[in-house]
Every structure is written in C-alpha cells, then in structure tokens.
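Enquirer: for reference, the sequence and a predicted model appear below.
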Amino acid sequence: LLTAITTVAVNKQIKDDSLNMMSELTKRSANELNEYVNKYIMLSETLASTVSMSSYSDIQKNLVSLNGYISQYNLDRILIADKSGNGLNSGGQTVNISDRDYFKTAMSGTSTVSSPLTDKTTGKTLMVYSAPIKNNGQIVGVLSFARDSKEVSDKISTITFRKTGKTCLIDGNGTTIGHYDYKRVQEGENVIEIAKTNTELSELAKNFEKMKAGENGYGEYKFNGDKRVISYYSIPELNWSVGLMVDSNDLFMVVDTILKIVITVGIISLVIAMILAYRFSNKLSKRLKLASSIVSNFAKGDFSQVLPNKELNKTDEIGEILSSIDKSQDSLKDMISSIKDSSNTLEEESLSLTNMSEDYLTSCKNIIAATKESSQGTYSQANQLSNITADMDTFDANLTSIITSISNINTMVTNINNKSTSSNEDIGELVLTMK
C-alpha cells in the first residue's frame, strides 16, 4: 500500500515538474523571440526617425541615404511610402502598399512586423518591419524594410525539449509564421482552417484556438495515433503565440523510469520486510513455546524449573510473564518449606501429646489400683490415702500439661491453616495471571 501511494505521488509530482519545465521553456522562448523581433522593430523606428519628408519627391533622396543599412543589417530592401501608400523601394520599384496591414498599423502610430509574405517578384517569403515617419509630430508616411522570414524559423528550430519536443509560432489568425519545418511557413499553413476538413487535427486545432486567443497553458492532442502534449505562451505585443509540442511518452519518460525504480525498491523492501517478519515471528514463537512449557509445568506443581537469565532480563511482555513465574516459584518454594517445618513441629508436638496421654493412662491405672486396695481395709486405705493424694497431685499436674500442649497444637494447626489459605490464594492469582 505504501509503495502504491508513493508511486502515485511520485508519478504526479514528476508529471507536474515535467509540464512546469516545458511551460517555463515555452515562456522563455516567447520572451527571446519577442526580444529578437523587437530589435528590428526598433531599428525600423530609428531609420524612420532619420527620414525628412514633406512630399513624395523626398522619398528618393531619403532612400539613397539609407542604402548603407541594407548590407549592414542584412535587409532585403527598404521602402518609403507616403500617407496614401504610394512609395518607392531601394530597388527602384514604385509600389502602393495602402492595402497592407503593416502599413495601416504603422499609419495608426504603432510600429509593427508583418506575418510572412511572398514577394511576387522574387518569390521570397519575407517579414516586413514598419514604423511611422513623423514630421512635426504628424505622421506623413511609413518606412518599411523586409528580412527573410526563414530567420525566425531558424530560431524556432533551435528550441527543442527532450528528444521529440519541437516548436512552432502562429500569428493572431492562427497562421503558422515560424516552424521547424519551414515549408509549412512558406505554404501559409493554418491548422485551425485545415482541421475543418481534417478531423485528425481537430484536437490540435482546439489548442491553436487558445493560442490564437492569447492564452497561456498546455493541452493534449493525438497525432498519427500518438499522444502528444503542447505548451503555449503568447507574445501580446506582436499578437503571436509560441507552441512547444512533445511526444507524451518522451515527456514522461522519466516518470516511467522512476516508476520502475520505485516498484523495484518496493518489491525489495517487501521481501526484506517478509524475511524480517519471519525471523521475528519465528523467534517470538520459540519464546512463546518456552513460556507455554514453563507455565504448563508450573500448573502441574513443578516449582523447580530454572528459567534462562537472558529471558528474565528482557523487558517485553513475555519477559515480564517469565519473571513473574520465577518470583512465584520462589515464593511457593518458601511457602512449602514453611509448611514442611510446621508439619515437623506438629509431628513432634503430637508425639509429646501421645507420651502425655500414656502417662495419664498410667496414672489412671494407679488410681484404680489404689482405690481397689483402699476397699480391702481401713487401715490400708488410711495408709495409702497420702499416696492417693500424691498421685492426684501428679494427675493434676499432668492434666495441666496436657491442656497446655493441646492449646499449643491448636495454635500450630491454626497457623498451618492460615498459610495454606494464603498459598491457595497466591496460586489462584498466578493461574488467573497465566490465563
């Protein structure tokens, strides 16, 4: 039972720790991605602050002064547009970006980065960083530059966990904008939309819905029959969310290992406990048999048993029982010895009484003889009267002695009876104790 409770507790704790580690990694990854992207958003703001533009004609002049930054920061190109969206890029192409979300956001006064976009001219997948251009506090245009979107996916690919943990990044529409499989970014994969026709992705799509809503946490889903866990953490400033996906068996692999260790230790502990219990019960059984034998002999009247000192010195219940028996044996031995001594005294007193009785009988015979002789003649009676008186005195003395002896015998019999009664009570209490 203890092993089972320990196993459940350890299993829960390790699972919680694994999920916490996974969540912490996801959070740290989100923060690192935010810092990485913000670095280029701040660059766009810095470059925008250097642009002085009062009309469309100023765009070309400003692009020339910014060309040096293209190679310095590995930019694809720089674009400057007026507030109507009409612009010119560093490649000399005239464009209109008024319909682009990154232009609208920058014109609202907020610097931003776009989701990956496919360049219609080059076919590259790019991410556009944009910042508002201000003149006397008024927004007069937008500065944008593009970078290869694969850079974000390359960073995403370095975020791993255990053996199977890999990372993805989605935007506020649920579109994949960073993935360890960059092809999915190029294809503009949207799991939420795909799950509408592919039910196998429905569980994953539910988690992506939470990511899209900006929630933080983790969930479970099945993919290709395998149970997987996803941890997600939002980047509110960008309206992005990072998802870390790992195979459940891989995530909780340490749980299985520790579970095996706990079970093994539990089995070993159980075997050791059984061995110790057997040895203890065997030893206890031998002591109980010894105590039973001693009590049985004691009940039969054998008070000459010699109890082992090692048992008498023990302070447990059996030791106390044997110690009580030993003390009772000693008390009964003393009692029996006292009874024997009293019996010997009684025998001597009885012998003395017998002798006195014989003397009394002899005296009686003498009296009878004297009485018969007294009837033979007055003279003879007169002569022997003094003898009769003397004999009567002797009889009186003997009778007094007999009475005294009888009184002594009665006293001894009373003492013997009291000792016998006390012995019977002690033996009765001992028997009750044994029961």
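Expert: Noted; the coordinates are in hand. Small disclaimer: the values here were computed from a predicted structure and weren't measured.
Enquirer: now do the strands in the stretch 101-250 of the chain.
Expert: 112-113, 117-118, 125-135, 138-148, 166-170, 176-179, 217-223, 226-235, 240-247 (DSSP state E, counting those that start in this stretch).
Enquirer: could you give me the buried positions within stretch 114-133?
Expert: 114-117, 124-133 (16 or more other Cβ atoms under 10 Å). For glycine as for every other residue, the C-beta is placed from the backbone atoms N, C-alpha and C.
Enquirer: got it, and stretch 57-74?
Expert: Judged by neighbour count (16+ other Cβ under 10 Å), stretch 57-74 contains these buried residues: 58, 59, 62, 63, 66, 69.
Enquirer: you'd agree the last one is up against residue 48?
Expert: No. With contacts counted by Cβ atoms under 8 Å, residue 69 stays clear of residue 48, the gap being 11.7 Å.
Enquirer: dump the residue contacts of the residue nearest to residue 207 when sequence neighbours are not counted.
Expert: Distances taken as Cβ to Cβ, 6 or more residues apart in numbering place residue 219 nearest to residue 207, at 4.3 Å, with adjacent residues excluded. Shown in contact with residue 219 (Cβ atoms under 8 Å, 6 or more residues apart in numbering): 206, 207, 210, 229, 230, 232.
Enquirer: out of those residues, who's the most crowded?
Expert: Neighbour tally across these (other Cβ atoms under 10 Å): the maximum, 26 neighbours, falls on residue 232.
Enquirer: if I look at that residue, how far off is residue 223?
Expert: Going from residue 232 to residue 223 by Cβ to Cβ, to the nearest Å gives 16 Å.
Enquirer: same check on residue 24?
Expert: Separation of residue 24 from residue 223 (Cβ to Cβ): 24 Å.
Enquirer: what of residue 352?
Expert: 118 Å.
Enquirer: do the same with residue 299
Expert: 80 Å.
Enquirer: residue 205 now?
Expert: Relative to residue 223, residue 205 is positioned 11 Å away (Cβ to Cβ).
Enquirer: and the helices in the protein?
Expert: 2-50, 58-72, 101-107, 150-157, 182-186, 191-194, 202-212, 248-251, 253-299, 309-312, 317-374, 378-434 (DSSP state H).
Enquirer: mind telling me which of those the model trusts least?
Expert: Here the lowest mean pLDDT among the helices of the chain goes to helix 378-434, at a mean of 60.
Enquirer: make a markdown table from the contacts of residue 219 and add distance to residue 17 to it.
Expert: Converted to a markdown table, these look like this (distance: Cβ to Cβ, whole Å):
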| residue | distance to residue 17 |
| --- | --- |
| 206 | 25 |
| 207 | 21 |
| 210 | 23 |
| 229 | 14 |
| 230 | 18 |
| 232 | 19 |
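Enquirer: nearest to residue 140, of those residues?
Expert: residue 232 (39.4 Å; Cβ to Cβ).
Enquirer: quick check: beta-bridge partners of that closest one?
Expert: Beta bridges link residue 232 to residue 217, residue 243 when assigned by DSSP bridges.
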